[in-house]
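Enquirer: sequence plus the predicted model coming up.
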Amino acid sequence: MVEIAPSLLSANFSNLQKDLDELKKSNIKYLHIDVMDGKFVPNISFGFPIIKAIRKDNDFVFDTHLMIEEPIRYIENFKKCGSDIVTIHYEACSNLDETIEKIKSFGMKVGLTFKPKTDINKIIPYLEKIDLCLIMSVEPGFGGQSFMEDSLEKIKKIRALIDEKNLSCLIEVDGGIKDFNLKKVIDAGVDLVVSGSDIFSNNENSISRQVEKYKKIINE
Ligand SMILES: O=C(CO)[C@@H](O)[C@H](O)COP(=O)(O)O
Ligand SMILES: [Fe+2]
């Protein structure tokens, strides 16, 4: 069953818990949390105090997507503020194996992702060592961008490899997902779908109605 991971980046920060309560009522399991440092990507989002604060009253799986240089420096902080999955960027780590091991040593699940221009073949050797492979379908840094169609081939390629080797690694897609392209990424083979602007700031539907729309498509 494909799961939806709404991206906090597009939530209403002046009344955050209201949006989170709506997700809870819609039985959302995962919350995608984008952390940006203004260096690895040209944008700054939020950090530990916010994550820690929302952890108190929310039991979503905290799927933290770290768009920060050398995330190995902060793994313990993410554990302390309540991350369940820590996804790191291939390009941001000078010692990727050590970073992966450190995340595991704190009992968290490891996700690995890469920028759209990075060669996917560099990621393949890690599929056996990670819990989640995140396919970026936009340049990381901002919500509300358009889906990059060539991501579909990447998803299919990773799906085939995971199935062939019978690995437990999940596939997540992130960026530009809307109700009208959801079916395509599902058919390509994802397990988890991140969606920010299309769920939190949809012109036609409230958060819960848009989640219902997604669920309908997933169950088709
Ligand atoms: O990691 C990122 C952007 O860097 C994403 O998680 C976005 O927050 C997704 O937003 P939409 O494209 O769905 O609006
Ligand atoms: Fe993200």
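Expert: The structure has been received and is ready for your questions. Numbering: from 1, shown residues only. Ligands and ions are numbered 1, 2, ... in the order given.

Enquirer: list the buried residues in stretch 194-206.
Expert: Neighbour-count burial for stretch 194-206, with 16 or more other Cβ atoms under 10 Å as criterion, is recorded at Val194, Ser195, Gly196, Ser197, Asp198, Ile199, Phe200, Asn202. For glycine as for every other residue, the C-beta is placed from the backbone atoms N, C-alpha and C.

Enquirer: so it, near ligand 2 or not?
Expert: No - looking at stretch 194-206 against ligand 2 by Cβ under 5 Å from the ion, there are no contacts, and the closest approach is 5.6 Å.

Enquirer: how far does the longest helix along the chain sit from its chain's centre?
Expert: Secondary structure of the chain per DSSP state H: the longest helix is helix 151-165. Counting by Cα atoms, centre = their mean, to the nearest Å, helix 151-165 is centred 17 Å from the centre of its parent chain.

Enquirer: among the buried residues of stretch 194-206, which lie within helices?
Expert: In helices, defined here by DSSP H, the members of the buried residues of stretch 194-206 are Ser197, Asp198, Ile199, Phe200.

Enquirer: what ranges do the helices span in this protein?
Expert: Under the criterion DSSP H, the chain contains helices at 16-25, 48-57, 75-81, 96-105, 151-165, 182-188, 197-200, 207-219.

Enquirer: figure out which of these is closest to ligand 1.
Expert: With Cβ to the nearest ligand atom as the criterion, ligand 1 lies closest to helix 197-200 of the helices of the chain, at 3.3 Å.

Enquirer: list every C-alpha atom in the closest one, with coordinates, as CSV.
Expert: The C-alpha coordinates for helix 197-200 follow below in CSV (Å, rounded to 0.1, in the frame of the first residue of the first chain):
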residue,chain,number,x,y,z
SER,A,197,1.9,22.5,-1.9
ASP,A,198,-0.7,20.3,-3.5
ILE,A,199,-2.0,19.1,-0.1
PHE,A,200,-1.5,22.1,2.1
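
Enquirer: helices or strands up against it?
Expert: Using 3 or more Cβ pairs under 8 Å, 6 or more residues apart in numbering; DSSP states H and E as the contact criterion, the secondary-structure elements in contact with helix 197-200 are strand 3-6, helix 207-219.

Enquirer: buried set for the first one?
Expert: Read it as strand 3-6. Within strand 3-6, the residues scored as buried using 16+ other Cβ under 10 Å are Glu3, Ile4, Ala5, Pro6.

Enquirer: same thing with stretch 144-161?
Expert: Using 16+ other Cβ under 10 Å as the burial criterion, the residues of stretch 144-161 that qualify are Phe147, Met148, Ser151, Leu152, Lys154, Ile155, Lys157, Ile158, Arg159, Leu161.
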